[in-house]
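Engineer: Build the 3D model from these lines:
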Amino acid sequence: MVSRTLKVWRKRPLRLSLRMLGRSPPPASHMAIFEPDWKHLRSLHPLALERFCERVLAECTAAIQDESLSPHARYLQLYELIRERDRTIASAFDGLRRSTAIEQLADMHRLKLLSEDEFDRFSAETRAEVLRISVPALDT
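Structural biologist: Prediction:
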């Protein structure tokens, strides 16, 4: 009897809502990215990733070469730096999809990985949405 219940249970996948997991649903104001903006973002994506990686490697080099710290302290500093930057790179670059393109573009803009000229090539609507997302909300 128990095995039959388990078989039935396995046939139906467990579906948890975001609220059950303690997460809020994505904002209702998701803006679809326009086709020319999508193409431009896809062309900039590898360039921005390269810029970010160069910046992280420079930070790693500085951490490694800091002779004022012990080798162990430098290792710990490097480890923590890589952990933090790994979270950042995942947010800005992993899984580029149309549904997350505006948020990822906002992350790239916040990280200053795009030149003004590159950013200005996006439509006015996309730029406005990115700027709205990029600016942190003021606490009142």
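Engineer: now the residue positioned nearest the centre of the chain, what's its secondary structure?
Structural biologist: Geometric centre of the chain, nearest residue: Ser91, 1.5 Å, by Cα atoms, centre = their mean. Here Ser91 takes the helix state, with states given by DSSP: H, G, I helix; E, B strand; the rest coil.
Engineer: Distance check, it against Thr100.
Structural biologist: Note on Ser91: its distance to Thr100, by Cβ to Cβ, to the nearest Å, is 10 Å. To be clear about C-beta, it is placed using only N, CA and C from the backbone, and glycine gets the same treatment.
Engineer: Let me see the ranges of the helices in the protein.
Structural biologist: Ranges of helices in the chain, per DSSP state H, are 2-11, 35-64, 71-93, 101-110, 116-120, 124-134.
Engineer: Dump those to a markdown table, plus mean pLDDT.
Structural biologist: Output for the helices of the chain, formatted as a markdown table (pLDDT from 0 to 100):
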| stretch | mean pLDDT |
| --- | --- |
| helix 2-11 | 48 |
| helix 35-64 | 97 |
| helix 71-93 | 96 |
| helix 101-110 | 96 |
| helix 116-120 | 97 |
| helix 124-134 | 94 |
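Engineer: Out of those, indicate the one that is most buried.
Structural biologist: Highest mean neighbour count among the helices of the chain (mean count of other Cβ atoms under 10 Å): helix 101-110, with a mean of 22.
Engineer: Just give the nearest non-adjacent residue to the residue nearest to the centre of the chain, would you?
Structural biologist: Asp107 (5.5 Å; Cβ to Cβ, 6 or more residues apart in numbering).
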